[in-house]
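Enquirer: Okay, here's the prediction I keep looking at, along with the sequence it came from:
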Amino acid sequence: TEEPSTVWFYLALEWLYVHRDDYADPLEMVEMLSADFEFPADARALLRFTRVQPGAPMGPDAMEHRWRDYLRAKSREFAARRL
């Protein structure tokens, strides 16, 4: 039983990812959503101002890749839930 905010955060990020071309800086929007949801710990790697593992690629392409990976992982996690 997770917090409803976890699901809402995922849904907001998923929607934004689908519509990212509609925004001049979608990564800024990710940061704004993260702030709205009190910076979820499992999504810190999606923030440009957060250090990731040493040697991890940086830049917009790497950030978008981590964003996509986060969404896939959460999608699998939610799909595996039992009601």
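Expert: Sure, I can see it. Numbers count the residues shown, from 1 in each chain.
Enquirer: Can you tell me, leaving aside adjacent residues, what's nearest to the residue most central in space within the chain?
Expert: The residue lying closest to the centre of the chain (CA atoms, centre = their mean) is residue 67, at 4.8 Å. The shortest distance from residue 67 to any non-neighbouring residue, by CB to CB, 6 or more residues apart in numbering, is to residue 46 (5.4 Å). For the C-beta atoms, the positions are set from N, CA and C on the backbone; glycine is no exception.
Enquirer: wait, doesn't the one you found sit right on residue 34?
Expert: Yes - Residue 46 sits in contact with residue 34 when judged by CB atoms under 8 Å, with a separation of 6.7 Å.
Enquirer: neighbour count winner among these two?
Expert: residue 46 (23 against 19; other CB atoms under 10 Å).
Enquirer: same for the helix or strand of the chain with the lowest mean pLDDT, what does it pack against?
Expert: None of the helices or strands of the chain scores lower by mean pLDDT, DSSP states H and E than helix 60-79, at a mean of 89. The elements that helix 60-79 packs onto, with contact taken as 3 or more CB pairs under 8 Å, 6 or more residues apart in numbering; DSSP states H and E, are helix 4-18, helix 26-36.
Enquirer: what's next to the last one, contact-wise?
Expert: Applying CB atoms under 8 Å, 6 or more residues apart in numbering, the contact partners of helix 26-36 are 9, 12-13, 16-17, 20, 23, 40, 43, 46-49, 60, 63-64, 67.
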